[in-house]
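Peer 1: give me the fold of what follows.
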Amino acid sequence: MRTTRTGALLGAALIVPLALAACSSGSGGSGGGAKALAVEDYFSEPNASVMDGIYKDCGTDLGVEVTSTHVPGAGLIAKVLQQSSSKTLPDVLMLDNPDVQQIAESGALSPLSDYGITGKGFADAVVQAGSYKGDLYGLAPAVNSLAIFYNTDMFQAAGISDPPKTWDELREDAKKLTSNGVYGFAFSGINTYEGTWQFLPFMWSNGGSEKNIDTPETAQALQFLVDLVNDGSASKSVVNWQQSDVLNQFTAGKAAIMVNGPWQFGALKKFPDLHWATAPVPTRTADQKAIAPLGGEAFTVPQTGNKDTMKLAGTFVKCITNDDNQKKIAAAEGDVPASTSVAEEVGKSDPQIAPFVTVVQNARARTALLGPDWPKAATKIYTAEQLALTGKASPEDALKQAQNSK
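Peer 2: Next comes the predicted model:
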């Protein structure tokens, strides 16, 4: 869940030919074996160029020509459903991981087990996010999640030696760091899936569930964020902030701690005088496990009807998700390799990504409990958060109202 990729994509589809090839599914024809593949994703620059390079390399390894189409993120699912009905699906389709189950449920995807892909060695949440009714339909080469970023200079000036690990510590640190136009804590509480995404670490780590958000555990989590806003440790503007806005507050020196993801590393490097570090999102008590949502894009093989091309597409997905390409994609996008062993290797060499490696191992797929019904719960969560953060209802009443809405 990253606004740099899905919220600020180009307004029209960008088609990038890597080599001359037909753009319809089953482009290799039948009888003589597949000779070309069509890939569809929602990447925008600069990530689109990185992925195009990997597509081209995988195509070269397999001896096939590859054509990639980059569709604006907001319109991808609508296009995929239309392509499914008109039988014009691409040979390889990338999906944001919460969308995999919806498309698999429609019958548009083939099980990756048909091509010998099991997800063995990948983080549990990665496999869970790509699965529907026990079958693996999508696999991500690199993933992300949420943690806190903190300004180490501000911490030192305030006499704070370590990042907060509990809500009480975060509340105390945020209050101490708030002064002279600087807020101690910044997060996105906007009324979109981004707001829900950023609330999940607090809700899930405290035992809350999307099956029913009208619970004391979720109310505690929402009350915690409301209290930070009410006491001035966080800005009232969080109800309007996307994650990119949160980043802007942090880089401008107006926020000492922020909740954000590793995809922001590239933007942060543009501020060499800004010194920062990362840590897992604090939990209510020290004995709770930090649980954050899993983000990232999964690659799938659509049901195109051309068995030769589908088999080749499965081999292509294997290539995209191999160890070397996991590292390349993770480095370019500011993600964590999806394979546990590769992620641990990368984490040992990079202290800033290391906390995210830990977070990803304990991360949870947003569709794990509700499957294709996840969007309904996500809407209820950000609706309740907005009501509470704007003071229109107490956390308890806001959650009850949202849970009972249709």
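Peer 1: phi, psi of the spatially most central residue of the chain?
Peer 2: With the centre of the chain defined as its mean C-alpha position, the nearest residue by CA atoms, centre = their mean is Gly295, 2.1 Å away. Main-chain torsions, Gly295, degrees, to the nearest 10: phi -110, psi 160.
Peer 1: again with Asn362
Peer 2: Summarising the backbone geometry of Asn362 under the convention degrees, to the nearest 10, its torsions are phi -110, psi 10.
Peer 1: who's in contact with it?
Peer 2: If a contact means CB atoms under 8 Å, 6 or more residues apart in numbering, then Asn362 has 289-292 as its contacts. (Each C-beta comes from the backbone N, C-alpha and C, glycine too.)
Peer 1: could you say what helices and strands whichever strand or helix holds Gln83 packs with?
Peer 2: Assignment of secondary structure by DSSP states H and E places Gln83 within helix 76-86. With contacts defined as 3 or more CB pairs under 8 Å, 6 or more residues apart in numbering; DSSP states H and E, the packing partners of helix 76-86 are strand 92-96, helix 100-105.
Peer 1: quickly run through the sheet partners of the first one, with directions.
Peer 2: This points to strand 92-96. The strands that strand 92-96 pairs with in its sheet are strand 36-41 (parallel), strand 295-300 (antiparallel) (by DSSP bridges).
Peer 1: deepest in the core, which of these is it.
Peer 2: Highest mean neighbour count among those (mean count of other CB atoms under 10 Å): strand 295-300, with a mean of 28.
Peer 1: can I get it in PDB, CA atoms only?
Peer 2: Once non-C-alpha atoms are left out, strand 295-300 reads as follows in PDB (Å, rounded to 0.1, in the frame of the first residue of the first chain):
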ATOM      1  CA  GLY A 295       2.000  -4.900   1.100                       C
ATOM      2  CA  GLY A 296       3.400  -5.800  -2.200                       C
ATOM      3  CA  GLU A 297       2.500  -7.000  -5.700                       C
ATOM      4  CA  ALA A 298       1.900 -10.600  -6.700                       C
ATOM      5  CA  PHE A 299       2.400 -12.100 -10.100                       C
ATOM      6  CA  THR A 300      -0.200 -14.500 -11.500                       C
END
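Peer 1: what's it in contact with?
Peer 2: With CB under 8 Å, 6+ apart as the test, strand 295-300 has contacts from 1-2, 41-42, 92-97, 100, 103-104, 109, 112, 126, 129-130, 137-145, 197, 261, 317, 320-321, 335, 338.
Peer 1: filter the residues you listed down to the ones in helices?
Peer 2: 100, 103-104, 126, 129, 197, 317, 320 (DSSP state H).
Peer 1: which strand or helix spans Lys120?
Peer 2: When elements are assigned from DSSP H and E, Lys120 belongs to no helix and no strand.
Peer 1: report how many residues lie close to it.
Peer 2: Other residues lying near Lys120 total 7 when counted by other CB atoms under 10 Å.
Peer 1: can you give me phi and psi for it?
Peer 2: phi -60, psi 130.
Peer 1: just Glu65 next, same as before
Peer 2: For Glu65, the backbone dihedrals (degrees, to the nearest 10) come out as phi -90, psi 140.
Peer 1: who does it bridge with?
Peer 2: Using DSSP bridges, the beta-bridge partners of Glu65 come out as Ala36.
Peer 1: measure it to Cys58 for me?
Peer 2: Glu65 sits 12 Å away from Cys58 when distances are taken as CB to CB, to the nearest Å.
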